[in-house]
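**Student:** Here's my sequence, what's the structure:
(2 chains)
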There are 2 protein chains.
Amino acid sequence: MKILVIGGDGYLGWPTALYLANKNFNVCVIDNFSKRKIELDNGINPLHILNPLQTRIADWNRFVKDDKKKIKFYSGDILNQRFINKVLLIFKPDHIVHYGEQPSAPYSMMGKAEAEFTQKNNILGNLNLLFAIKRACPNAHIIKLGTMGIYGTPNINIEEGYIKIKHKGRTDKTLFPMRPQSFYHLSKAADSMNLDFVCRVWGFRVTDLHQGIVYGVNTKETEYREEFITSFHYDHIFGTVLNRFLVQAVTNYPLTVYGSGKQVRTFLNIKDTLQCIFLSIKNPARKFEYKVRNQFTEKFSIIELAQKIKKAGHKLGLNVAIKKIDNPRIEKKKHYYNPINKEFKKIGMKPTKLNETFIVNSLKYLLKYRDKINKSAFYPKVKWKNQV
Amino acid sequence: MKILVIGGDGYLGWPTALYLANKNFNVCVIDNFSKRKIELDNGINPLHILNPLQTRIADWNRFVKDDKKKIKFYSGDILNQRFINKVLLIFKPDHIVHYGEQPSAPYSMMGKAEAEFTQKNNILGNLNLLFAIKRACPNAHIIKLGTMGIYGTPNINIEEGYIKIKHKGRTDKTLFPMRPQSFYHLSKAADSMNLDFVCRVWGFRVTDLHQGIVYGVNTKETEYREEFITSFHYDHIFGTVLNRFLVQAVTNYPLTVYGSGKQVRTFLNIKDTLQCIFLSIKNPARKFEYKVRNQFTEKFSIIELAQKIKKAGHKLGLNVAIKKIDNPRIEKKKHYYNPINKEFKKIGMKPTKLNETFIVNSLKYLLKYRDKINKSAFYPKVKWKNQV
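**Tutor:** Predicted coordinates for the structure are as follows:
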């Protein structure tokens, strides 16, 4: 079974590639390194300075020995038609795991150039990919990484992909209405509509995974060796809230809660992301099917989350404070939030819960890297209102 | 009152500019001529070979004499940031009527290059425009031309922009769910989401007009002189169904009905498009308001429409046949279709109905140009399934 991982240099793409290779899938990785280039432009680093992807893949391939577990790599951009056509024609994947998008909402809200890059890279990259697949491997199953953020915070349950609407005595089943919260989330919403369309019209097979906020540093494979670590961010651009809180806690920096902290979000452990990809490969969409799964295990308000970290920090003797700061985003202060996540449970998902042991162990791990942390990267500099 | 018309060379943009100028609005027009370039690439012409826009504007400005009715023009692309920034800073419009998008669904379904051009030109062009407005004239009212086609054919009434959903004992008011029918319609759906977002986040004022299929050749102003005629298409790329049927009828070419012809669509007279723009200027969206109006006057099935033309044609002694051909599109053969259009009625819209007199007069007018018509442009060559 051949699997192409697009965006294999990233926080999730890299451990996904290792995980699938370790399960003896035939894995090929591509990346355009756009995230590393954004890091350069903005003077930010992940926690660990990583070797080039080429080096890490060579290290992995030496480490595993078994040819079946080795990973192939091509460097290039899915916006480059000749590149993606060539990769698909050579590799002929059965499944395509598409992480290859600019993943930061704050980045997309920095200014015009960043908003445009995000929508171009994501929407047109995805569109280009779809045409390449149509030519080279139209039966391949696409596993697309989306985000729960496309839905905003509706006052009704967020069903998985579709909703049955009763209106003036008639009913219809339709895609769940979207109300994205940033130019990044808007790009994912446009992707989803393009994906649904190619299922309806070309008979494509798509699983669109609307993911919550992923947390955690390590997976089974990244722990094999120090050089297999993934790109872990805690900064205001790529650092998502739980990872950032963990890093703030070990540096005696107050946990920066945006606004009231009563915003509720969904979360999942990075290991569960891998599990979800595996389950999606094992339970693919059929031809003409646009399958949506809401991919998360738990939901917390931001303040609830901060309190969990604070409590766990105290057990380690860390002096963790919580500081509410002006919310740089524009979102509801208080809202109903009840996304449904039954689909993964149906196909055997075993959720990893966020418990105190996990938080304590994460803090212990991060304490080793305390001196490497750049505290000035924590504070949100991108304000939703102030784009130019 | 200053009004910028983007896409002022087009079928609707041109008569809109004349109409508003004639009402003593201060009108400025821009265009990137992308539609004329697509005509060149595909060997198609509108019915009348038109002078360059610059010449037509000069003709108009000489004709009206009154300085208040003269039209300004800048040639350029809204994807060009410096161009659109400059135009907005110089002209400082109060209203921006945005027709500046690739308008053909079949074109967007020709192949990869055309799909990509459509989504790039429309989505990124609109995005670039929004950022330019934010800098130059954030209080300007945007009147964006959308399409009813973003909704597909849901089994419930298509409310105007929003719908109240009752689900498991809770309710929410949300954007009406979209299910676009081509890469072109998908681009308009993505535009709509970006527009809704900038209203919510930046306090923009947007009226999004989801238009039905426009028909008709002339408006009051285009009839003043032969050189004021608008770009009227009857070909398989830019020719919409009613206009194409009229032209087929005068050439003894059977009216080509796609599939069963039981597909229902909404329609409006080109004069009513102008009326709707005027009413939208007079009743603008407020700050933070994303206002949606469904812009059409009547609905017919395609076969019903063909029969109307056939009947009117017979009165003129034309031998009009109807021919059902394979549907090149992928759409439901039979479906419920009930879009609501109360919003324009509320603000004083006086609909022009499609009656036999109108059809007979249109046929009489078109008969004069019978010899100029290229019949080989009628037949649909773009099939939704066969993109490469």
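
**Student:** Can you classify residue A:144 by secondary structure?
**Tutor:** With DSSP: H, G, I helix; E, B strand; the rest coil as the basis, the three-state label of residue A:144 is strand.

**Student:** what's near enough to touch it?
**Tutor:** Counting by CB atoms under 8 Å, 6 or more residues apart in numbering or on different chains, residue A:144 makes contact with A:98, A:126, A:191, A:192, A:195, A:206, A:207, A:208, A:209. Just so you know, the C-beta spots here come from the backbone N, C-alpha and C atoms, and that holds for glycine as well.

**Student:** what are the bridge partners for it, then?
**Tutor:** Counting by DSSP bridges, residue A:144 is bridged to residue A:98, residue A:208.

**Student:** is it true that residue A:45 touches residue A:35?
**Tutor:** No - counting by CB atoms under 8 Å, residue A:45 does not reach residue A:35; the two are 11.7 Å apart.

**Student:** Comparing those two, which residue is more hemmed in?
**Tutor:** Taking other CB atoms under 10 Å in any protein chain shown, residue A:45 and residue A:35 do not tie; residue A:35 has more neighbours (25 against 20).

**Student:** what are the phi and psi angles of that one?
**Tutor:** Main-chain torsions, residue A:35, degrees, to the nearest 10: phi -70, psi -40.

**Student:** Tell me where chain A has strands.
**Tutor:** Secondary structure of chain A (DSSP state E): strands at A:2-6, A:26-31, A:71-75, A:95-98, A:141-147, A:162-167, A:170-175, A:205-211, A:213-215, A:255-258, A:264-269, A:290-295, A:298-301, A:322-325.

**Student:** Out of these, which is closest to residue A:313?
**Tutor:** Judged by CB to CB, the one of these that comes nearest to residue A:313 is strand A:255-258, at 9.0 Å.

**Student:** Rounded mean pLDDT for that closest one, please.
**Tutor:** The average pLDDT within strand A:255-258 is 97.

**Student:** packing partners for that strand?
**Tutor:** Here strand A:255-258 is seen to pack against helix A:241-250, helix A:302-315, strand A:322-325 when contacts are counted using 3 or more CB pairs under 8 Å, 6 or more residues apart in numbering or on different chains; DSSP states H and E.

**Student:** Can you get me a residue count around residue A:173?
**Tutor:** 12.

**Student:** quick one, what contacts it?
**Tutor:** Contact partners of residue A:173, counting by CB under 8 Å, 6+ apart, are A:162, A:163, A:164, A:165.

**Student:** Residue of the stretch 251-388 of chain A nearest chain B, please.
**Tutor:** Using CB to the nearest CB, the closest approach of the stretch 251-388 of chain A to chain B is made by residue A:330 at 4.9 Å.

**Student:** can you count the residues close to that residue?
**Tutor:** Using other CB under 10 Å, the number of residues around residue A:330 comes to 16.

**Student:** Against residue A:386, how distant is it?
**Tutor:** As judged by CB to CB, to the nearest Å, residue A:330 and residue A:386 stand 11 Å apart.

**Student:** Repeat that for residue A:62.
**Tutor:** 48 Å.

**Student:** Verify the contact between residue A:310 and residue A:320 for me.
**Tutor:** Yes - applying CB under 8 Å as the test, residue A:310 and residue A:320 come out as touching, 4.3 Å apart.

**Student:** and for these two, which residues touch both?
**Tutor:** Common contacts of residue A:310 and residue A:320 (CB under 8 Å, 6+ apart): A:249, A:255.

**Student:** For these two, indicate the residue with more neighbours.
**Tutor:** With neighbours defined as other CB under 10 Å, residue A:310 and residue A:320 compare such that residue A:320 has more, 22 against 19.

**Student:** Contacts only, for the more buried one.
**Tutor:** Taking CB under 8 Å, 6+ apart as the test, what residue A:320 contacts is A:248, A:249, A:252, A:254, A:255, A:309, A:310, A:313, A:314.

**Student:** ok, and the closest non-adjacent residue to it?
**Tutor:** Among residues not flanking residue A:320 along the chain, residue A:313 sits closest, at 3.7 Å (CB to CB, 6 or more residues apart in numbering or on different chains).

**Student:** for residue A:383, same thing?
**Tutor:** Nearest residue to residue A:383, sequence neighbours excluded (CB to CB, 6+ apart): residue A:328, at 4.5 Å.

**Student:** What about the one you found, how many residues nearby?
**Tutor:** Per other CB under 10 Å, the neighbour tally for residue A:328 reads 19.

**Student:** In terms of pLDDT, where does it sit?
**Tutor:** So, for residue A:328, pLDDT stands at 95.

**Student:** Can you give me the distance of it to residue A:106?
**Tutor:** Separation of residue A:328 from residue A:106 (CB to CB): 8 Å.

**Student:** Need the overlap of contacts for those two.
**Tutor:** By CB under 8 Å, 6+ apart, residue A:328 and residue A:106 have these common neighbours: A:380, A:382.

**Student:** Flag the shaky bits of the stretch 251-388 of chain A, pLDDT-wise.
**Tutor:** Where the stretch 251-388 of chain A drops to pLDDT under 70, the residues are A:388.
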